[in-house]
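Student: Test case, fold it:
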Amino acid sequence: MYPKLWPSALPGVLMFFLVLVWFPTDCGGESDLGIATRHPVIPTVTWATPAPIAYGTALSATQLDATASIAGSFVYSPTIGSVLSGGAQKLSVTFTPENSAIYATVTASVTIQVNPVAPALTWAEPSAIVYGTALGSAQLDASSGGVTGTFSYSPSAGALLDAGTRTLSATFTATDTDDYTTASASVTLTVAKAKPAITWVPAGIIARGMALTSAQLDATTNVPGTFVYSPAAGSIVNSSGPQTLTATFTPTELSNYEEVKVSAMLDVLPFGVAAWGDSLTVGDQGNIDQGSFPTELAELITLPVVNEAVNANTTTTIGIREGGIPTYATVTDGSIPATGSVDVTFPDGWAPVTSRGPAGGVGGTILGVHGVVTYDAGTYIFTRATPGSAVTAPGSPQFVVDTPYAAWIPIFWEGRNDSFDDSWIESDIAAQVAFVPPGQTYLVLSDINGNDPNEWAGGPWYTDIVSLDNQLGSIYGSHYLDIRKLLVNSYDPSQATDVADFNHDEPPTSLRAIFTTATLANAIGPTDTVLTVENATFSIQNDAVLTIGSGQNAENAYVVSVSGDTVTVERDLGGVNSAHEAGTPLSETDPLHLNTKGYQIVANAVAKFLSEYASQTGK
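Tutor: Modelled structure (predicted):
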């Protein structure tokens with residue numbers, strides 16, 4: 001406290017003066033009397049925390065809206081129009097009062113939250129694709145509007161989608177995760193069903209009268225499924241020239257593939273070659289190196305070839321099936337039922353089918369009713385093709401066989417099963433030749449003899465065979481082919497057995513069907529008749545020809561009996577009887593039928609005949 005200098009009874013005015021001196025009303029600075037310093041007044045600045053903004057929003061008066069208790073000016077940092085990065089950002093302001101002599105400049109700040117934004121994705125709906133098309137950049141092409149980052153697609157590139165309307169999704173992750181959020185988009189994609197690729201160029205040649213097979217109905221495709229053909233397999237083609245075949249393909253996956261209908265043109269020839277005969281024509285005899293002349297012929301010519309031969313057929317049975325020889329059936333109870341089957345009988349030896357075949361029977365009609373005659377354990381059965389009215393069949397009406405190959409070029413090779421009855425054979429072949437349409441060619445092949453002393457030159461059966469061949473050659477002239485002589489002359493002079501066969505005037509051993517090969521287990525002398533064999537590929541059979549050795553030391557023997565590995569033979573069937581060492585090769589051959597090489601010789605001769613015929617006629 002200051003010392004008391006004045007009397008206590010000073011006037012009131014003086015007391016007031018003293019108060020003003022000691023307690024100035026302004027802050028800061030000195031008083032007029034220089035006794036005290038005054039301080040500036042701090043204004044009140046009010047600035048509420050702004051609401052969060054999205055990244056990319058320019059600062060405006062909405063955020064920069066501080067107020068003061070007195071007049072003055074505001075300067076903000078960042079300034080109005082500024083764009084802030086994402087996250088919590090500091091805003092500052094400096095307030096300058098108009099009356100700066102009294103009021104102080106004030107600063108203030110607030111924090112504003114700048115929220116990241118989702119990039120604006122654009123993704124046009126892709127064009128439709130076909131099932132099987134892998135997703136790629138043409139479909140997965142969303143854009144982020146210039147924002148740097150990466151897209152993740154679902155389904156991903158390379159995916160194969162099922163047919164239908166499918167949703168594609170994209171997730172975009174920006175590189176700048178402070179300013180941008182993850183964004184997503186989706187579009188729809190139409191996946192159309194795929195059309196299977198069908199390839200169909202019928203490969204198998206066919207002629208009028210033939211049934212369609214897999215050789216013609218051979219369309220292929222690139223997807224699993226089923227073909228249905230029209231006409232169907234087994235249908236007989238009755239017209240020549242271009243024929244339209246159709247196929248409907250039904251995919252296994254119908255949800256992803258279309259059903260497709262395609263067509264192909266098949267050029268049907270007016271005729272082919274029909275090989276008629278017995279086991280010589282059937283071929284495929286033996287177990288090794290099998291063949292048949294129709295098979296070999298089909299490789300040499302451009303006409304289709306059918307093998308219509310049946311084992312053990314006589315010329316009569318062959319003629320009935322070919323159509324040249326009529327036959328008559330007796331129907332059980334004299335009536336063909338409206339549906340199903342009925343037993344029939346034929347004169348002995350005049351049935352169209354035998355126990356050897358044809359396997360599917362023989363088609364034909366009885367009194368206008370079409371059906372098939374089959375053979376079952378001694379009984380002949382006629383089965384109607386379609387239901388109808390019952391038909392009375394008294395007596396023995398004719399069974400008129402189907403003749404789908406009537407217009408084809410026939411090759412007749414028959415007679416071995418007719419007990420060398422030359423007149424009967426000649427009559428039957430004549431009936432078959434008479435059935436050949438006028439203007440169509442045909443060919444008759446000679447009979448051949450086998451490795452049997454009775455059929456060697458000078459033997460009784462040899463005389464019959466050669467006599468028949470001479471008669472056939474005389475009757476048919478240019479339509480006759482002496483296949484026997486051609487085979488005889490095709491012997492191998494390096495083989496002693498073939499040389500012997502040539503001297504016997506028979507087709508050679510080297511051209512005959514082979515049943516088995518083996519080796520000699522023990523050495524034998526020139527007169528031994530009991531052999532032990534080993535390493536046999538198939539069992540040796542009785543009544544076969546066993547060729548021992550090869551080359552100039554080869555000989556043929558007749559198999560009398562077989563017991564395990566022990567074989568009893570008769571020597572002197574051709575070749576040179578000599579001693580043979582253990583390990584000598586053995587081969588069992590058929591006395592009559594041919595192997596592939598033999599059938600090739602026959603096929604070559606037939607092909608030459610047909611080629612000359614085509615050259616002469618232009619067919």
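Student: From here on, just use CA atoms for contacts and neighbour counts.
Tutor: Will do.
Student: Touching, residue 203 and residue 216? I think so.
Tutor: Yes - applying C-alpha atoms under 8 Å, one finds residue 203 in contact with residue 216, separated by 5.8 Å.
Student: which one of those two has more residues nearby?
Tutor: Of the pair residue 203 and residue 216, residue 216 is the one with more neighbours under other C-alpha atoms under 10 Å, namely 19 against 13.
Student: so what's that one scoring on pLDDT?
Tutor: With respect to pLDDT, residue 216 scores 94.
Student: What is the neighbour count of the closest residue to it other than its chain neighbours?
Tutor: Sequence neighbours aside, residue 202 is the residue nearest to residue 216 in space, at 4.5 Å (criterion: C-alpha to C-alpha, 6 or more residues apart in numbering). A count of neighbours around residue 202, defined by other C-alpha under 10 Å, yields 18.
Student: ditto for residue 234
Tutor: For residue 234, which is what you asked about, the neighbour count (other C-alpha under 10 Å) is 11.
Student: pull the CA atoms of the host helix or strand of residue 486 into CSV?
Tutor: Residue 486 belongs to helix 483-488 when assigned by DSSP states H and E. Presented in CSV, the C-alpha positions along helix 483-488 are these (Å, rounded to 0.1, in the frame of the first residue of the first chain):
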residue,chain,number,x,y,z
ILE,A,483,-9.4,-118.9,-111.7
ARG,A,484,-8.1,-122.5,-111.1
LYS,A,485,-5.5,-122.3,-113.7
LEU,A,486,-4.5,-118.8,-112.6
LEU,A,487,-3.9,-120.0,-109.1
VAL,A,488,-2.0,-123.1,-110.2
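Student: List the buried residues for that helix?
Tutor: Neighbour-count burial for helix 483-488 flags 483-485, 487-488 (criterion: 16 or more other C-alpha atoms under 10 Å).
Student: Then stretch 383-401?
Tutor: Neighbour counts over stretch 383-401 (16+ other C-alpha under 10 Å) mark 383-385, 393, 396, 399-401 as buried.
Student: One more: stretch 549-564?
Tutor: 549-550, 553-562.
Student: Who are the contact partners of residue 264?
Tutor: When the contact criterion is C-alpha atoms under 8 Å, 6 or more residues apart in numbering, the partners of residue 264 are 200-202, 244-246.
Student: For PyMOL, write a command that selects the buried ones of those.
Tutor: Command for PyMOL that selects the buried part of those, burial taken from 16+ other C-alpha under 10 Å:
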select buried, resi 200+202+245+246
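Student: of the contacts of residue 264, closest to residue 310?
Tutor: Each of these was scored against residue 310 by C-alpha to C-alpha, and residue 202 proved nearest at 28.9 Å.
Student: Let's see which of the buried residues of stretch 383-401 end up in strands.
Tutor: Those of the buried residues of stretch 383-401 mapping onto strands are 383-384, 399-401, per DSSP state E.
Student: Next, count neighbours for residue 243.
Tutor: With other C-alpha under 10 Å as criterion, residue 243 counts 12.
Student: And it, what's its pLDDT?
Tutor: At residue 243, the pLDDT recorded in the model is 95.
Student: check contacts around it.
Tutor: Residues counted as contacts of residue 243 (C-alpha under 8 Å, 6+ apart) are 265-268.
Student: Make sure residue 552 is actually in contact with residue 498.
Tutor: No - counting by C-alpha under 8 Å, residue 552 does not reach residue 498; the two are 9.8 Å apart.
Student: In terms of helix, strand or coil, where does residue 165 fall?
Tutor: Here residue 165 is recorded as strand under DSSP: H, G, I helix; E, B strand; the rest coil.
Student: which one is it nearest to, not counting chain neighbours?
Tutor: For residue 165, the nearest residue in space outside its immediate sequence neighbours is residue 190; the separation is 4.6 Å by C-alpha to C-alpha, 6+ apart.
Student: confidence score at that neighbour?
Tutor: Note on residue 190: pLDDT of 97.
Student: wait, is it part of a strand?
Tutor: Yes - assignment of residue 190 by three-state DSSP places it within a strand.
Student: quick one: the strands in the stretch 251-400 of the chain?
Tutor: Under the criterion DSSP state E, counting those that start in this stretch, strands of the stretch 251-400 of the chain are mapped to 260-269, 273-277, 305-307, 327-328, 330-331, 335-336, 341-345, 362-366, 369-376, 379-384, 391-392, 398-401.
Student: now the stretch 501-619 of the chain, which segments are flagged as low pLDDT?
Tutor: Where the stretch 501-619 of the chain drops to pLDDT under 70, the residues are 618-619.
Student: Where do the strands of it begin and end?
Tutor: Using DSSP E, counting those that start in this stretch, strands in the stretch 501-619 of the chain cover 512-520, 530-534, 545-548, 555-563, 566-570, 585-594.
Student: Quick one: those as CSV, columns for distance to residue 194 too.
Tutor: Listed next are these as CSV, based on distance: least, C-alpha to C-alpha, whole Å:
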stretch, distance to residue 194
strand 512-520, 54
strand 530-534, 62
strand 545-548, 63
strand 555-563, 66
strand 566-570, 67
strand 585-594, 54
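Student: measure residue 414 to residue 404 for me?
Tutor: When distances are taken as C-alpha to C-alpha, to the nearest Å, residue 414 and residue 404 turn out to be 20 Å apart.
Student: picking that back up, please identify which of the contacts of residue 264 is nearest to residue 473.
Tutor: residue 202 (40.2 Å).
Student: for that closest one, what are its contacts?
Tutor: If you count contacts by C-alpha under 8 Å, 6+ apart, residue 202 has them with 215-219, 264-266.
Student: likewise residue 332?
Tutor: For residue 332, the contacting residues are 342-345, by C-alpha under 8 Å, 6+ apart.
Student: Please identify, among those residues, the one with the most neighbours.
Tutor: Neighbours here are counted as other C-alpha under 10 Å. On that basis the top member of the contacts of residue 332 is residue 344, with 20 neighbours.
Student: That residue reaches residue 329, doesn't it?
Tutor: Yes - between residue 344 and residue 329 there is a contact at 6.1 Å, judged by C-alpha under 8 Å.
Student: what are the ranges of the helices in this structure?
Tutor: In the chain, the segments counted as helices under DSSP state H are 12-22, 279-282, 293-298, 315-322, 422-434, 460-476, 483-488, 496-504, 596-617.
Student: looking at those, which is buried most?
Tutor: For the helices of the chain, the stretch with the most neighbours on average is helix 315-322, a mean of 26; neighbours defined as mean count of other C-alpha atoms under 10 Å.
Student: That one versus strand 273-277: what angle between them?
Tutor: Orientation note: helix 315-322 sits at an angle of 150 degrees relative to strand 273-277 (axes from the mean of the first three to the mean of the last three C-alpha atoms, to 10 degrees).
Student: Give me the distance between helix 315-322 and the centre of its chain.
Tutor: Chain-centre distance of helix 315-322: 41 Å, with C-alpha atoms, centre = their mean, to the nearest Å.
Student: who's in contact with residue 526?
Tutor: Contacts of residue 526 were listed using C-alpha under 8 Å, 6+ apart, and they are 577-580.
Student: Kindly indicate which of the buried residues of stretch 549-564 lies nearest residue 155.
Tutor: Looking at those and their distance to residue 155, the nearest is residue 550, at 73.6 Å (C-alpha to C-alpha).
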